[in-house]
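Undergrad: Just the structure for this:
(one chain, ligands or ions: 2)
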Amino acid sequence: MFLKLGLAKPNTLIASVHPADKLSLQSFQSLGVETVIKNAPVVQQSDVVFVSVKPQVVPSVLSEIQPLSSGKLFLSVAMGITLSTIESSLSPQARVIRVMPNLPAVVCSGCSVFVRGSKATDADADITQKLLQSVGTCEPVDESQLDVVTALSGSGPAYVFVMIEALADGAVHMGMPRDLAYRLASQTVLGAGHMVRDSGMHPGQLKDGVTSPAGSTAAALRQLELSGFRAAVSGAVEQATLRCRQISGKTK
Ligand SMILES: NC(=O)C1=CN([C@@H]2O[C@H](COP(=O)(O)OP(=O)(O)OC[C@H]3O[C@@H](n4cnc5c(N)ncnc54)[C@H](O)[C@@H]3O)[C@@H](O)[C@H]2O)C=CC1
Ligand SMILES: O=C(O)[C@@H]1CCC=N1
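TA: Ligands and ions are numbered 1, 2, ... in the order given. The predicted model follows:
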């Protein structure tokens, strides 16, 4: 997206890709971005380095690049890996910012947050915000919020995709063609999200506006309550938060 939006040129980017990851290799190459299979050249040739490997891989990657990390800015998107872990694994002269983006950034509708590490400067925060705001919203938060942010907006698109699939399944079950069902379900989620974000109204108040006395929505909502819908969704956020804390090695 940064290339498409003109925030970077292919010849200013370099990506390290695992040799088994042919898909990433192809997509970087199709964009004209140099790819390598080692992390050292990426750090050597860059001022800003995205750390976007799985949390379990972060420790080995950080120890590999530690000797080269002085004076560079690292933006880590890895869930559950704390600033103190990252900072203590890199040079004391490395600057670190933790970011939690989400998948809709690929269609410029993402929402991201970031937390500045102890050495990160105002200019580092500005560059982070500029990059992330180009693909959606971006706001600073306290690090104590990051696990729950990961559980809400980081993982959240997956919950919404399941919801869209389930809505469409219900409509297909009742006779609707599947392509129409996906179009209507996805636009319904978009529209409802738009209203909650922009109207300033409480979601419960908006829900009441859709719910006519003795109508179909009331019948549906009763079924959702009987099926434990609210508890299922809020429990999903709780479980994801706990998994982040487990990865961080934190109990609270
Ligand atoms: N998928 C998502 O929606 C989000 C993911 N994240 C975070 O992004 C990180 C990556 O997650 P995904 O993109 O889902 O995983 P992924 O498996 O799609 O990507 C991991 C990447 O790491 C590369 N890689 C593997 N071993 C490597 C090594 N030793 N050195 C350098 N590169 C290596 C692979 O080639 C691959 O491109 C995770 O830490 C996750 O917490 C954060 C927010 C949202
Ligand atoms: O599932 C994961 O580990 C990552 C964190 C946020 C979204 N995906």
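Undergrad: ok, now which ones touch the residue in the chain sticking out farthest from the centre?
TA: Distance from the centre of the chain peaks at Ala214, with 39.7 Å (Cα atoms, centre = their mean). Contacts for Ala214 (Cβ atoms under 8 Å, 6 or more residues apart in numbering) come out as none. C-beta: built from backbone N, CA, C; applies to glycine.
Undergrad: ok so it is a helix residue?
TA: No - assignment of Ala214 by DSSP: H, G, I helix; E, B strand; the rest coil gives coil, placing it outside any helix.
Undergrad: mind checking the backbone torsions on it?
TA: phi 60, psi 20 (degrees, to the nearest 10).
Undergrad: backbone phi and psi for the residue in the stretch 151-252 of the chain positioned nearest to ligand 2, please?
TA: For the stretch 151-252 of the chain and ligand 2, the shortest gap (Cβ to the nearest ligand atom) falls at Gly154, measuring 3.2 Å. Main-chain torsions, Gly154, degrees, to the nearest 10: phi -70, psi -50.
Undergrad: Would you confirm that it contacts Arg98?
TA: No - Gly154 is beyond contact range of Arg98, at 11.7 Å (criterion: Cβ atoms under 8 Å).
Undergrad: Looking at the residue of the stretch 151-252 of the chain closest to ligand 2 now. What's its pLDDT?
TA: We note a pLDDT of 98 for Gly154 in this prediction.
Undergrad: Enumerate every residue touching it.
TA: Residues near Gly154 by Cβ under 8 Å, 6+ apart: 79, 100-102.
Undergrad: one more time with 10 Å
TA: 77, 79, 100-103, 111-113, 146-148, 240, 244 (Cβ atoms under 10 Å, 6 or more residues apart in numbering).
Undergrad: Around ligand 2, pick out the residues from the stretch 151-252 of the chain.
TA: Contact residues (Cβ under 6 Å from any ligand atom) of the stretch 151-252 of the chain with ligand 2: 154-155.
Undergrad: 8 Å instead?
TA: 154-155, 157-158, 240, 243-244 (Cβ under 8 Å from any ligand atom).
Undergrad: from these, which are also near ligand 1?
TA: By Cβ under 8 Å from any ligand atom, the members of these lying near ligand 1 are 154-155, 157-158.
Undergrad: so of those residues, which ones are in helices?
TA: Among those, the residues falling in helices (DSSP state H) are 157-158.
Undergrad: ok, of the residues of the stretch 151-252 of the chain next to ligand 2, which come out buried?
TA: In those, burial by neighbour count holds for 154-155, 157, 240, 243-244, counting by 16 or more other Cβ atoms under 10 Å.
Undergrad: I appreciate the help and will end here.
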